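Participant: sequence and computational prediction follow.
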Number of protein chains: 2
Amino acid sequence: MSRKSIAVDMDNVIADIETNWIGLYNAEFGVRIRKEDLRGKPEDDAFPDPLAARSLIFKPGFFRNAPVIPGAQEALIKLQQNFDVFIVSAAMEFPNSLPEKYEWLAEHFPSIHWKNIVFCGDKRVINTDYLIDDHLKNLDFCQGTPILFTAGHNVNVDRHTRVNNWQEALALLEGELAKHI
Amino acid sequence: MSRKSIAVDMDNVIADIETNWIGLYNAEFGVRIRKEDLRGKPEDDAFPDPLAARSLIFKPGFFRNAPVIPGAQEALIKLQQNFDVFIVSAAMEFPNSLPEKYEWLAEHFPSIHWKNIVFCGDKRVINTDYLIDDHLKNLDFCQGTPILFTAGHNVNVDRHTRVNNWQEALALLEGELAKHI
């Protein structure tokens, strides 16, 4: 049997954009927003001043300096043993993110070959067996099996199989593999 | 019936990389290579000094300053009336090309929304009804119908439906449309 393919989103799935965003917002506006304050709110509407928050996305370093989501590096290396793993990021909305995301991947995920990186707009055109993502706008229209990765903004979403962290994602996908042997 | 989708390659299909490359090579090495000299040769082996030629790809402006392939702008605007048109470029091999290609598209193809731009590595993961491309490495493995766009390096290729220019591509695709009405 040929290897199954997995598309893995970047922001809030392997790159901890939220932590970086909160840090920048607090530094810029002298406030003390905490992760809990944003829970369950759509990203575009989560900060007290949504327009100011959005402007931060365009600052140099917004993507480059994001921490890695815990467990993502180990999980992807493990998944690569049995799956074709692609990083698929809807980076095109923020063109400033293109070189930053490329460099970030080279630093934190050197096992991902450039052939397996996709920066796109609409993910509907991507065909992989699985998509791990935190956004319904991607999961609802993907061609493979959608897997919802928990992020602050999606805790109230009630569709798609949910994984809360990379340990759960790895267990789910290794379980899928076992089904097909 | 839902609209069919077309993936359109950039280099040598809408962006005239070859003309730019020859100009840079001649200026750098004081020679007078002409388009005809490269005909039928694989790109990696076409110039007298292939390694020197390859180094030019990494120069700032290599992608940004490429002329538009004649007829591409008019053809894509026309195709967008009836198809979902995506620009799909294997840009990831040359990360320096990412911002240059984005800016080039914004200047020359403003009708292409960022949602319809894909910069990837291996195109196997892209699923559209058609792929217009000059490289067998993409056409041979695409999920839709492959269409070979003539470039100097592929004139001796004898598989896939060939179009020699954008007039022929437009006629072919509008013909396909008529079949399904």
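Facilitator: It's in. Numbers count the residues shown, from 1 in each chain, chains lettered A, B, ... in the order given.
Participant: any stretches of chain A with poor pLDDT?
Facilitator: Applying pLDDT under 70 to chain A picks out residues A:1, A:181.
Participant: all strands of it, in order?
Facilitator: Remark: strands assigned in chain A by DSSP state E are A:4-8, A:83-89, A:117-119, A:130-133, A:145-149, A:161-163.
Participant: ok, residue A:22 touching residue A:36?
Facilitator: No - with contact defined as C-beta atoms under 8 Å, residue A:22 does not count as touching residue A:36 (10.5 Å). In short, each C-beta sits where N, CA and C put it, glycine included.
Participant: so these two - more neighbours on which side?
Facilitator: residue A:22 (22 against 8; other C-beta atoms under 10 Å in any protein chain shown).
Participant: which residue packs closest to that one, ignoring adjacent ones?
Facilitator: residue A:33 (5.4 Å; C-beta to C-beta, 6 or more residues apart in numbering or on different chains).
Participant: what about the closest residue to residue A:19 other than its chain neighbours, neighbour count?
Facilitator: Closest residue to residue A:19 apart from its sequence neighbours, by C-beta to C-beta, 6+ apart: residue A:67 at 5.8 Å. Counted by other C-beta under 10 Å, the residues lying close to residue A:67 total 13.
Participant: how about residue A:72, what does it touch?
Facilitator: A:13-14, A:166 (C-beta atoms under 8 Å, 6 or more residues apart in numbering or on different chains).
Participant: measure the residue nearest to residue A:22 to residue A:152 for me?
Facilitator: 11 Å (C-beta to C-beta, to the nearest Å).
Participant: before we move on, what about residue A:107?
Facilitator: 25 Å.
Participant: again with residue A:105
Facilitator: 23 Å.
Participant: give me the more crowded residue out of the two.
Facilitator: Higher neighbour count among residue A:105 and residue A:152: residue A:105, with 21 against 18, using other C-beta under 10 Å.
Participant: surely that one is in contact with residue A:88?
Facilitator: No - in this structure, residue A:105 is not within contact of residue A:88 by C-beta under 8 Å, at 11.7 Å.
Participant: now the helices for chain A?
Facilitator: Per DSSP state H, chain A carries helices over the ranges A:17-29, A:35-38, A:50-56, A:72-79, A:97-108, A:136-139, A:166-179.
Participant: okay, those helices in a markdown table with distance to residue B:44 next?
Facilitator: Formatted as a markdown table, the helices of chain A follow (distance: least, C-beta to C-beta, whole Å):
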| stretch | distance to residue B:44 |
| --- | --- |
| helix A:17-29 | 38 |
| helix A:35-38 | 49 |
| helix A:50-56 | 42 |
| helix A:72-79 | 31 |
| helix A:97-108 | 23 |
| helix A:136-139 | 36 |
| helix A:166-179 | 37 |
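Participant: quick one: name the residues of chain A near chain B.
Facilitator: A:5, A:7, A:86, A:88, A:92-93, A:95, A:98-99, A:102-103, A:113-122, A:125-128, A:143 (C-beta under 8 Å from any C-beta of the partner chain).
Participant: show me which of the residues you listed are buried.
Facilitator: Those of these that meet the buried threshold are A:5, A:7, A:86, A:88, A:92, A:95, A:98, A:102, A:114-122, A:125-128, A:143, by 16 or more other C-beta atoms under 10 Å in any protein chain shown.
Participant: count residues in the vicinity of residue A:167, would you?
Facilitator: Around residue A:167 there are 13 other residues, counting by other C-beta under 10 Å.
Participant: which ones are touching it?
Facilitator: By C-beta under 8 Å, 6+ apart, residue A:167 lies in contact with A:71, A:75.
Participant: ok, it to chain B distance?
Facilitator: As judged by C-beta to the nearest C-beta, to the nearest Å, residue A:167 and chain B stand 26 Å apart.
Participant: residue A:141 now?
Facilitator: Distance from residue A:141 to chain B, by C-beta to the nearest C-beta: 12 Å.
Participant: how about the closest residue to residue A:127 other than its chain neighbours, what does it touch?
Facilitator: Distances taken as C-beta to C-beta, 6+ apart place residue B:127 nearest to residue A:127, at 3.5 Å, with adjacent residues excluded. Residues in contact with residue B:127 (C-beta under 8 Å, 6+ apart) are A:125-127, A:143, B:143-144.
Participant: how much space between residue B:127 and residue A:137?
Facilitator: Taking C-beta to C-beta, one finds residue B:127 at 18 Å from residue A:137.
Participant: cool, and residue A:3?
Facilitator: The separation that residue A:3 has from residue A:137, given C-beta to C-beta, amounts to 28 Å.
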